[in-house]
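In: Give me a 3D structure for the following:
(chains A and B)
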Amino acid sequence: MDFSLSIIVEAWPTFEAGLITTVIFCSVAGVLGLVLAVPIALAQLSRSWSWRVPAQVLVEIVRDTPFLVQVFVIYFVFPATGVPMSSTVAGILALTIHGAVYFSESIRGAILSVPRGQVDAARAAGMSYPLTLRRIVFPQMMGYVLPPIGNQIVGLIKDSAVLSIISVPELSMAFQNVLGTTFAAPEAFVAVAVLYWLLTSAVTLAMSRLERLTPTHRSTEEMTSLLAKVDR
Amino acid sequence: MTLEWKYVTQALPFLWEGTLVTVAASVLALVLGLLVGIFVVLGRRSRFKVLRGLIIAYMSVVRGTPLFIQILIVYYALPALGLDIPRFEAGVIALSLNSGAYISEMIRGGLMAIPKGQLDAAKACGMRSSLIWRRITLPQVLVLILPPLTMEFTGLLKSSALLSVIGLVELTRRAQQVIGETLRSPEVWLTTAALYFVMCFALGAVTRRLEKSAAAYRL
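Out: The predicted structure follows:
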């Protein structure tokens, strides 16, 4: 089997454009998702059911349906209700909601990992709940929250490949275009796999660097034993 | 806008057939994925450097690239290598190669949970390592990984929707066909989502039960 780099070089502009779109989509959805994830996590932990139930319903719906079907629902159901929808908006919306729900699960776990007594003590000392979160809970939970969030950002990048189905011009769309013009050259398969792999590896590396900067950074062994306690 | 449900009720048996294909593909992928996972765990401890290297590369590729791309690669690239495989088989192969990597991590976790003393005791009794695997290690590991495995099965039910892209007529593809006939896209997608939801939600309840009983088993 021949393998010629010239095919990849020729198709590079297509790949590059797709790669940039993937990065933009994932960055926007990732940031929006993280911002939305905090209120979802807090709502799930709320004592009042009027907060808890809607949050839980959203989380269950997103977790128990395929991402592809979520994309189709957003892309096709909204226009039918009179809300105009483009593939860009639908794509970002689907990724954002999906990301927000999965991020919120990690954030919820991390909030629970901060000892309850500290929260009670802060409240008893007269700190308001938002202040307790900002001063006591959030700084301590960073060490717990970053590893799963890193995995979920990688997951987000991988899920974004699905958006080519509603013709978002991202990396896997670029790949399919190259497949068409090169008659399914094996080089195209290698190129797209390597590009995604580089992207996800870069995120993994960056997240582990970031983890080391957190004040509550712990070794993997310590983390597993601590998390095991939290589960119980 | 008014939703018209009568076309969907007519199409339900048709969607149901697709659901069966979705379930069949996911079950097969889970079983094959379990075999792949066991092979990966054993291969990682192998004496052969090449095999260990290949497995590390496999894990890295599976976890670092989208499943969507993996499915396309299996479907389009294997025929280019001279292997002509039908859609269903190609889809199941792609899914099981993908989930095998994740299942191998579960097995590794399960193995770590088995006390080393048991293996020493088995060895002291004169059991060969293959027998220790069959009688001591594997049965316990299988019980320990049952809850994460059901979770993986839920994941497979959801990711098998991607097989519609290579033209496998499972639930999602059936939904697209119904839309082609009835042009009632919102209703059909909501129904399809509901079908997936019922399956995955029920499995989630099973997982939580299994987690409880597995925790009891650990004591």
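In: Which residues of chain A lie near chain B?
Out: Within chain A, the positions lying close to chain B (Cβ under 8 Å from any Cβ of the partner chain) are A:1, A:60-61, A:63-70, A:72-73, A:76-77, A:80-82, A:154, A:157-162, A:164-165, A:172, A:175-176, A:179, A:184, A:186, A:189, A:192-193, A:196-197, A:200-201. C-beta: built from backbone N, CA, C; applies to glycine.
In: In contact with residue 30, which residues?
Out: This is for chain A. Shown in contact with A:G30 (Cβ atoms under 8 Å, 6 or more residues apart in numbering or on different chains): A:G99, A:I153, A:L156.
In: wrong one, chain B
Out: Residues near B:L30 by Cβ under 8 Å, 6+ apart: B:S96, B:S99, B:L149, B:E152, B:F153, B:L156.
In: Which members of those are classed as buried?
Out: B:S96, B:S99, B:L149, B:E152, B:F153, B:L156 (16 or more other Cβ atoms under 10 Å in any protein chain shown).
In: Any chance of TSV for those, columns secondary structure and pLDDT?
Out: Formatted as TSV, the entries for the buried ones among the contacts of B:L30 read as follows, by DSSP: H, G, I helix; E, B strand; the rest coil; pLDDT from 0 to 100:
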residue	secondary structure	pLDDT
B:S96	helix	97
B:S99	helix	96
B:L149	helix	93
B:E152	helix	94
B:F153	helix	96
B:L156	helix	96
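In: out of all of them, which helix in chain B is the longest?
Out: Of all segments of type helix in chain B, defined using DSSP state H, the longest is helix B:6-44.
In: list the buried ones in that helix?
Out: Of the residues in helix B:6-44, those buried by neighbour count under the rule 16+ other Cβ under 10 Å are B:8, B:11, B:15, B:18-19, B:21-23, B:25-26, B:28-30, B:32-34, B:36-38, B:40-41, B:43.
In: In chain B, what residue spans correspond to helices?
Out: Using DSSP H, the helices assigned to chain B run over residues B:6-44, B:49-64, B:67-72, B:78-80, B:87-112, B:116-124, B:129-132, B:138-159, B:171-182, B:185-218.
In: Surely B:L3 touches B:W189?
Out: No. Using Cβ atoms under 8 Å, B:L3 makes no contact with B:W189, being 11.2 Å away.
In: Those two - which one has more neighbours?
Out: Under the neighbour definition other Cβ atoms under 10 Å in any protein chain shown, B:L3 and B:W189 were set side by side, and B:W189 has more, 25 against 12.
In: Test my guess that the more buried one contacts A:Q70.
Out: No. Under the criterion of Cβ under 8 Å, B:W189 is not in contact with A:Q70, lying 9.4 Å apart.
In: near chain A, which residues of chain B?
Out: Along chain B, the residues adjacent to chain A under the rule Cβ under 8 Å from any Cβ are B:1, B:60-61, B:63-69, B:72-73, B:76-77, B:80-81, B:154, B:157-162, B:164-165, B:172, B:175, B:185-186, B:189-190, B:192-193, B:196-197, B:200-201, B:204.
In: For chain A, see how far away B:I38 is.
Out: 23 Å (Cβ to the nearest Cβ, to the nearest Å).
In: just to revisit the earlier point, and the longest helix of chain B, how far out from the chain's middle?
Out: 8 Å (Cα atoms, centre = their mean, to the nearest Å).
In: what's the angle between it and helix B:87-112?
Out: Compare the direction of helix B:6-44 with that of helix B:87-112 by axes from the mean of the first three to the mean of the last three Cα atoms, to 10 degrees and you get 50 degrees.
In: still on that earlier bit, any of the residues of chain B next to chain A buried? List them.
Out: Taking 16+ other Cβ under 10 Å as the criterion, what is buried in the residues of chain B next to chain A is B:61, B:63-69, B:72-73, B:76-77, B:154, B:157-162, B:164-165, B:172, B:175, B:185-186, B:189-190, B:192-193, B:196-197, B:200, B:204.
In: and B:Q70, what pLDDT?
Out: The confidence metric pLDDT takes the value 95 at B:Q70.
In: and what of the one 3 residues further on?
Out: Model confidence at B:I73, expressed as pLDDT, equals 90.
In: For residue 137, which non-adjacent residue is closest in space?
Out: This is for chain A. When the adjacent residues along the chain are set aside, A:V137 lies closest to A:V114, with 5.0 Å between them (Cβ to Cβ, 6 or more residues apart in numbering or on different chains).
In: wait, I meant chain B there
Out: Here the nearest residue to B:T137 in space, its sequence neighbours aside, is B:I114; by Cβ to Cβ, 6+ apart that works out to 6.2 Å.
In: is it true that the one you found touches B:V141?
Out: Yes. In this structure, B:I114 sits in contact with B:V141. The criterion is Cβ under 8 Å, and the distance is 6.9 Å.
In: For these two, work out which one has more neighbours and name it.
Out: The residue with more neighbours, out of B:I114 and B:V141 and counting by other Cβ under 10 Å, is B:V141; that gives 22 against 14.
In: Now do the same contact list for that one.
Out: Counting by Cβ under 8 Å, 6+ apart, B:V141 has contacts B:I107, B:G110, B:L111, B:I114.
In: Buried ones from those, can you make that a ChimeraX selection?
Out: One line in ChimeraX is enough to select the buried members of those, burial here meaning 16+ other Cβ under 10 Å:
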select /B:107,110
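In: Is it possible to get TSV of the contacts of B:V141 that adds pLDDT?
Out: What follows is those, written out as TSV (pLDDT from 0 to 100):
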residue	pLDDT
B:I107	93
B:G110	90
B:L111	90
B:I114	88
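In: Just the pLDDT at B:L219, thanks.
Out: The predicted structure scores B:L219 at 46 on the pLDDT scale.
In: before we move on, what about B:L83?
Out: 80.
In: can you check A:P84 too?
Out: Per-residue confidence for A:P84 comes out at a pLDDT of 86.
In: How is it assigned, secondary-structure-wise?
Out: The assignment at A:P84 comes out as coil when based on DSSP: H, G, I helix; E, B strand; the rest coil.
In: and it, how many neighbours?
Out: Residues near A:P84, counting by other Cβ under 10 Å: 7.
In: same question, the one 4 residues further on
Out: Here the count is done by other Cβ under 10 Å, and A:T88 has 17 residues near it.
In: contacting residues for A:S172?
Out: A:S172 makes contacts with A:G18, A:A161, A:V162, A:L163, A:S164, A:V192, B:P66, B:F68, B:I69, B:L72, as judged by Cβ under 8 Å, 6+ apart.
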